[in-house]
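Visitor: The sequence and its predicted three-dimensional model are supplied below.
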Amino acid sequence: MKLYLAAAVLMLVLAVHTEAQEEPTLEQHFTKFQTQVKAIADDLTEKTKSTFENLEMSEFVTKTKNWFTEQFEQIKQKMTETFN
């Protein structure tokens with residue numbers, strides 16, 4: 001009877017030891033975390049770049065740039081006329 005109990009305990013210890021070996025180490029956790037953060041950062045960078053490119057090409061931004069350019073030229077012309 002004691003032999004069966006010893007064999008059962010031994011099997012339990014081996015099962016726990018095997019499961020413990022399958023768990024990732026702290027270094028593996030940090031490596032996985034670093035990979036995930038890099039993927040998120042790359043995705044965010046790409047989305048931000050795309051958004052700025054779309055904004056740059058939008059009609060509103062183009063009209064606003066042209067308006068500011070016209071206003072600056074008018075002010076520049078008035079300053080030239082006034083101080084010459």
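Guide: Received, thanks.
Visitor: Where does pLDDT dip in this protein?
Guide: Low-confidence segments of the chain, defined by pLDDT under 70: 1, 4, 18-22.
Visitor: can we see that at 90?
Guide: For the chain, applying pLDDT under 90 flags the ranges 1-30, 55-57, 61, 81-84.
Visitor: helix or strand for the residue sitting nearest the centre point of it, which one?
Guide: In the chain, the centroid-proximal residue (Cα atoms, centre = their mean) is residue 41; its distance is 2.2 Å. For residue 41, the element it lies in under DSSP states H and E is helix 26-57.
Visitor: Now the element after that helix, going C-ward?
Guide: helix 59-83.
Visitor: Return the set of buried residues in that next one.
Guide: Across helix 59-83, burial judged by 16 or more other Cβ atoms under 10 Å covers no residue at all. (Each C-beta comes from the backbone N, C-alpha and C, glycine too.)
Visitor: What are the contacting residues of it?
Guide: residue 55 (Cβ atoms under 8 Å, 6 or more residues apart in numbering).
Visitor: what's the angle between that helix and helix 26-57?
Guide: Interaxial angle, helix 59-83 versus helix 26-57 (axes from the mean of the first three to the mean of the last three Cα atoms, to 10 degrees): 60 degrees.
Visitor: quick one: stretch 34-52 to chain centroid distance?
Guide: 4 Å (Cα atoms, centre = their mean, to the nearest Å).
Visitor: Dump it to PDB, restricted to CA.
Guide: Output of stretch 34-52 as PDB, limited to C-alpha atoms (Å, rounded to 0.1, in the frame of the first residue of the first chain):
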ATOM      1  CA  GLN A  34       9.200  44.400 -25.700                       C
ATOM      2  CA  THR A  35       8.000  42.800 -29.000                       C
ATOM      3  CA  GLN A  36       4.400  43.800 -28.300                       C
ATOM      4  CA  VAL A  37       5.400  47.400 -27.400                       C
ATOM      5  CA  LYS A  38       7.400  47.700 -30.600                       C
ATOM      6  CA  ALA A  39       4.500  46.400 -32.700                       C
ATOM      7  CA  ILE A  40       2.200  48.900 -31.100                       C
ATOM      8  CA  ALA A  41       4.700  51.800 -31.600                       C
ATOM      9  CA  ASP A  42       5.200  50.800 -35.200                       C
ATOM     10  CA  ASP A  43       1.500  50.700 -35.800                       C
ATOM     11  CA  LEU A  44       1.000  54.000 -34.100                       C
ATOM     12  CA  THR A  45       3.800  55.600 -36.200                       C
ATOM     13  CA  GLU A  46       2.300  54.300 -39.400                       C
ATOM     14  CA  LYS A  47      -1.200  55.600 -38.500                       C
ATOM     15  CA  THR A  48       0.100  59.000 -37.500                       C
ATOM     16  CA  LYS A  49       2.200  59.400 -40.700                       C
ATOM     17  CA  SER A  50      -0.800  58.400 -42.700                       C
ATOM     18  CA  THR A  51      -3.100  60.900 -40.900                       C
ATOM     19  CA  PHE A  52      -0.600  63.800 -41.400                       C
END
